[in-house]
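Visitor: I would like to see how this sequence folds:
(3 chains)
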Amino acid sequence: MLKYLLQKEFLQIRRNAFLPRLILLFPIVMMCVIPWVMNQEVKNIRVCVVDNDRSTTSQQLVHRIEASNYFMFTGRQPTYAEALHAIETSRADIVLVVPRGYGKGRSQVLIAANAVNGTKGSIGANYLSQMMAPSTQTSAATAPSIHTLYNPGQDYKVFMIPALFAILTMLMCGFLPTLNIVGEKEAGTIEQMNVTPVPKWAFILAKLIPYWLIALFVITACLVLSWAVYGITCQGPLALVYLLALLLALFFSSLGLIISNYSSTMQQAIFVMWFFVVCMMLLSGLFTPTRSMPSWAYLTTYVNPMYYFIDAIRTVFVRGGGFAAIAHQVLALVGIGSIMAVWAVVSYKKNN
Amino acid sequence: MNAIEVNGVSKCYGQVKALNGVSFSVAPGEVFGLIGPDGAGKTTMFRILCSLLLPDAGTASVDGFDVVREMKQVRRRVGYMPGRFSLYQDLTVAENLKFFATLFGTTVEAGYDSIRAIYSQIEPFSNRRAGALSGGMKQKLALSCALVHQPSVLFLDEPTTGVDPVSRKELWDMLGMLRERGITIVASTPYLDEVRRCDRVAFLQEGRVQCIDTAERVLERYWQPSHNSPITHRLTTNSRLTPQPPPFQGGGEGYATECIQASEVTVPLLEREGDTRRAGGESERAVGAEFGGESERAVGDEFGAESVPVISVSHLVKAFGSFRAVDDISFEVRRGEIFGFLGANGAGKTTAMHMLTGLNQPTSGTGTVVGFDICTEHEQIKRHIGYMSQKFALYEDLTVAENIRLFAGIYGMDDKEIAHKTDVLLKRLHFEDHKHALVRSLPLGWKQKLAFSVAIFHEPGVVFLDEPTGGVDPDTRRQFWELIYDAAARGITVFVTTHYMDEAEYCNRISIMVDGKIKAIGTPDELKQQFRQPDMDHVFTYLARQAKRGMRAHNPAIGMAGYQCLIPNGIGTNINNITTQP
Amino acid sequence: MSKVSEGLTHSAPSLVGRAGGESLGGESLGGESLRGESLGKKSRGRVPFPSPFWAFVQKEARHILRDRRTMLILFGMPVVLMLLFGFAITNDVKNVRTVIVTSRLTPQTQAALQRLAASEYFTIVATVPTPQEAEQLIRRQKADLYLTPYPKGQGSGWHITVDGADPNMAQQWATYAQAIIGRSGLTSNSPLVLTPSLKLLYNPQMRSAYNFVPAIMGMLLMLVCAMMTSISIVREKERGTMEVLLVSPVRPLMVIVAKAIPYLVLAFAVLIIILLMGHYVLAVPLAGSLVWIVLVSVIYILLALSLGLLISNIAQTQLVALLLSAMVLLLPVVMLSGMLFPIESMPRVLQWISAIMPPRYYIEAMRKLMIMGVGIQAVLREVLVLCAMTVVLLTVALVKFKVRLD
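Guide: Numbers count the residues shown, from 1 in each chain, chains lettered A, B, ... in the order given. Next up, the predicted model:
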């Protein structure tokens, strides 16, 4: 019986004018574009100099800024006020004021950074101030040496690509099933299904399986693209990546079905889904470390499957951990996933 | 100047010619009917006249304004109710009506008179959301919304689909009133009695106007002859295809005897009715020829002796809050019977059917279907029944064969059996060429025949049909009923709701529901005798007028006007007494 | 005809009244209430605006108000987002799980460890004998960095080995650890140098709220206007009510404008919630002129509405409209508009693409107006771009808007 239901689901996805294209193209486009975008590196900070000294030393300073990767020299301004104006009109991010007498070592420069984006402002200012005082680092003998594991090149993409796996699985397996049942409700075909002897689990399973396969496709596309485009490969066993993706797909597709079981319109379903997704994503450690969160927010990670997934996939993909390293997360995902799947079956009512 | 002038209008959708050189004109104040089978191009014609579509060739003008160049003027003058008119589900009845009234620059108050007959029936529910109304009530509200303003030209695309006979008559009375005021009306309808109320009728077929004349002449010249032949043709093919049924054995089976009685009584009656019942008579004869069949089918064996009813219900109640949609009904349906479950819109038919099919739990009362309890064993029931819902029941984005395969698979047939039976079925329906066509692309009548065939594909004990022929043209309806008789002959009990009273006459037994209660039950003949009415139409009208839910009491003058003569005096006064009592 | 209807108006109430009187009390209520409503409507009809227009606005408002869940999400979303971004989502270095690899501690290293443990940044979770075991702990996500003392004879000091999965955080952890451990060593031999003085403009405490409040405004206004408008129009197409609306005497343009108004109001409500929450709960300044903040927002809302209208022209079903606005519109907007990720760090091609993202200019303008408190002349470029985009999109949307079916 499941076979026939599955066939129907696949045919319906295939017949849709829009879905196949979306399923095929969306992950590919996302994989090719987003890793470039998801980049917290601070680069190309525009520096504008107010040179009151006009000495060779200050000239050298400007040359150093021009030569740096981080900074872009955008010109000199005669006064501090005009330099501020440059910040206000987004022509500069940082103003460097070189006071009179700098060349003679009598005074130090002033760095004024636009800190509306706090991270960018402070990091930029710090870089610049380090550059101003290159000689202070001479005492390296006693300073601890730093060794970076797993990501020696400090490539932000290595960090973000596993996150992208999560985002794509979530979007494809979360939103599409949500729309599915509500769609059948709005079309009225669900009533016909409800009068047939189809067991609830079979109906739900037939709805879920296609999205699991889509999840597998998405993950495969992601893995291939991350290797082909970025040269980043999975450090741990690939099977684990698939296992994790399937578990996350189980959770999100079940969540989608639960929401659509309780919703009457597509708009409602999608908004509720969106709400959950955004909250889960923000609290999962996808972008920011969960350990920095206040304790109330940190508590929510215990029930957040995204958190477990992100943790586990980074362990496998980046750190090359094996099953033992992620057993805890896998267990949590299995637990939450199966609760949601059961809920999805129970909340689907064939009989009122 | 003519109100509507159409000259050589053509319209193509891709390869399909929806309209092909259509020309006609309608005089001001005329009621003009557009009739024809599904896919004849009626809706396209309406849309062109409303300036919603551009014709590929030809010109059309409404009230002297060209539909292409003077769109604004046209839209200011026309009223339009599309075939799939849908209301705002999340607005209440009153809000819907008010919105449409204001939209057309009038108020509910000003337009109230022209909608009273229909709107008063849904007025008690004016604070209910439109989405919570029953199908027929929605249609009535949609009609009220379309009629609340008084345009100079009114286009109605199958306005009465799913509306009960009494309300249909009331609607046409209202249209008559509008006509008196000089409003030009163009309407399409699958009901022959409604066709007869048009001044003139254009018969469209395959995008061409076959004939424009008075209703009688069109029906005589075009409708009947062209539709008689396929029937006879189909009958012969049928008998060739299916193994010749064994000669009918009179004894032993109660239902069969009843069937015989029913057809014996009905046929003469139909003939007496003459024109109005001709369509029915045609089919009746067809049925007569086809009748009989393998009554000893396996279905019956599952639940023992014939005397055990297939459906048995006692004191069934379904309440939504304080509203009792189904109010203490009890009845039995025997094996192989065709049981007509009639009632006005909102009388509780669909709710009752939902309880029988296990979609809904009854509030109280008990019942069994194919031997299983409807409260506790609904999943077992579902294995032994077929169901065709009011909304269209097949997946539009699957092909014919895929739909059959899906539903057959659900009932546990294997691939080989499905493939074989699919071929047989498609051959019988003459659908072989459309096996791989998307259901979406089929005309409505075909879809309905297919949906029915799918519903009985697994040879269920009972098949429940909820208004299966709504909006289907008379010819296809007749074919549909042939399928029903085929099924009944194979021992499948048929439980059907309908608003076509000619169809009611085809049933072995019928019940009529009013306000959630069963007011009458018996063979059509018994009911006619019991209520001293000439035909089912009048029986229904008589009973449905007692409804309190619909507030018919508010407008006895209008509602009864056309029928007073038909009802014996005593009963007439009786009705007034009943209905005006608080 | 008007004469006829006049006569009808006259007779109708009396008929209804009589009928109501005769029937059941409950039933008459329905009739009465309807009549009352329509009378009320009539008196209200004297406002200078065409009344079908207001009927439309009312209807649309009812659609929105009836869908409680969507409303809840719409108003809950800004609040939750603000709270999350304001309090939960931080890049602060905190509770970094540290492992010490040691067999023997010298008093000097002991002191360093104590400083480390005393700081709020690091928590020492374990002490293991070998670096291999420490690495295992990191791999299993039980620790973030480990410290190894220099082997005997190479002086006293530490190797810091840090989990580089998140490069930015890794760098920060290492820097912090370096600073804490190395502090004592530095003070002994570093010459007094003049350090550059740092000045963080506009946001001296480096609060991330300053950065994301404008971003949330850009995202939510886009969501409310573009997504909801497009869905509501496509829904009417799908259900068949659009046909009737088109045939009605109301001009198609009016249909669209009337549809947009409730969403405009809704967007405003969302805007006000965000501004209030931002100002009073997250203490984000409203440095610039409120008038300009609102005006620029209006332009942006109009732009988003035109986008929604455009989507509704393309999409035939709600599903497509939803997916178009959710995945094809919203996602790029979030990703490429500088909302979360700095545009300057993107490859050149993506920077070009981001140049056509309307929220980029809106967010930029809002950051300047709200946080930096500059005058309108400083955001003139952004405002002009937004205006131009609005005009273009609105024109395209209106030109493409179909007054007929196809």
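Visitor: List the residues that contact the residue of the stretch 401-550 of chain B found nearest chain A.
Guide: Residue nearest to chain A within the stretch 401-550 of chain B: residue B:409 (2.7 Å; C-beta to the nearest C-beta). C-beta coordinates here come from the backbone N, C-alpha and C atoms, glycine included. Counting by C-beta atoms under 8 Å, 6 or more residues apart in numbering or on different chains, residue B:409 touches A:1, A:3-5, A:7, B:418.
Visitor: so which of the residues you listed are also by chain C?
Guide: Among these, no residue is within reach of chain C (C-beta under 8 Å from any C-beta of the partner chain).
Visitor: Quick check: PyMOL command selecting the buried ones in those.
Guide: Per 16 or more other C-beta atoms under 10 Å in any protein chain shown, the buried members of those correspond to this PyMOL selection:
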select buried, (chain A and resi 1+4+5+7) or (chain B and resi 418)
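Visitor: Among the contacts of residue B:409, name the ones in helices.
Guide: In helices, defined here by DSSP state H, the members of those are A:3-5, A:7, B:418.
Visitor: And those, which is closest to residue B:101?
Guide: Minimum distance to residue B:101 across the ones in helices among the contacts of residue B:409 is 46.1 Å, recorded for residue A:5 (C-beta to C-beta).
Visitor: mind checking which helix or strand the closest residue to that closest one other than its chain neighbours is in?
Guide: The shortest distance from residue A:5 to any non-neighbouring residue, by C-beta to C-beta, 6 or more residues apart in numbering or on different chains, is to residue A:206 (3.5 Å). Assignment of secondary structure by DSSP states H and E places residue A:206 within helix A:200-228.
Visitor: gap between that helix and the chain center?
Guide: Centre-to-centre, helix A:200-228 and its host chain are 19 Å apart (C-alpha atoms, centre = their mean, to the nearest Å).
Visitor: can you list the domains in the chain?
Guide: I went with chain A, as the question did not name one. Following automatic domain parsing, one gets these domains for chain A: A:2-38+A:152-347, A:45-133.
Visitor: Wait, chain B was what I had in mind.
Guide: For chain B, automatic domain parsing gives the domain ranges B:4-220, B:251-384+B:461-527, B:551-580.
Visitor: ends of stretch B:516-536, how far apart?
Guide: Using C-alpha to C-alpha, to the nearest Å, the end-to-end distance of stretch B:516-536 comes to 20 Å.
Visitor: what ranges of the stretch 1-150 of chain A fall below the confidence cut-off?
Guide: Flagging of the stretch 1-150 of chain A using pLDDT under 70 yields the residue ranges A:40, A:105-106, A:133-147, A:149.
Visitor: All the strands of it, residue numbers only.
Guide: For the stretch 1-150 of chain A, the strands defined by DSSP state E, counting those that start in this stretch occupy A:45-51, A:71-76, A:94-98, A:110-114, A:145-149.
Visitor: Point out where the stretch 301-450 of chain B drops to low pLDDT.
Guide: The stretch 301-450 of chain B contains residues with pLDDT under 70 at B:301-307, B:392.
Visitor: Close to chain A: what parts of it are there?
Guide: Applying C-beta under 8 Å from any C-beta, we find that the stretch 301-450 of chain B lies next to chain A at B:357-361, B:378-380, B:382-383, B:385, B:387-389, B:391-398, B:402, B:405-412, B:438.
Visitor: Next up, the contacts around residue C:251.
Guide: residue B:72.
Visitor: What pLDDT does the model give it?
Guide: What the model reports as pLDDT for residue C:251 is 78.
Visitor: and the residue of the stretch 301-406 of chain C found nearest chain B, helix, strand or coil?
Guide: Here the stretch 301-406 of chain C gets closest to chain B at one residue, residue C:405, 4.8 Å apart by C-beta to the nearest C-beta. Judged by DSSP: H, G, I helix; E, B strand; the rest coil, the three-state class of residue C:405 is coil.
Visitor: which among the contacts of residue B:409 gets closest to residue A:348?
Guide: residue A:5 (13.3 Å).
Visitor: Stretch A:31-47 spans what distance, first to last residue?
Guide: In stretch A:31-47, first residue to last residue: 33 Å (C-alpha to C-alpha).
Visitor: buried ones in that stretch?
Guide: Those would be A:31, A:33-42, A:44-47, for stretch A:31-47 by 16+ other C-beta under 10 Å.
Visitor: Could you do stretch A:236-244 as well?
Guide: Quick answer for stretch A:236-244 (16+ other C-beta under 10 Å): A:236, A:240-241, A:243-244.
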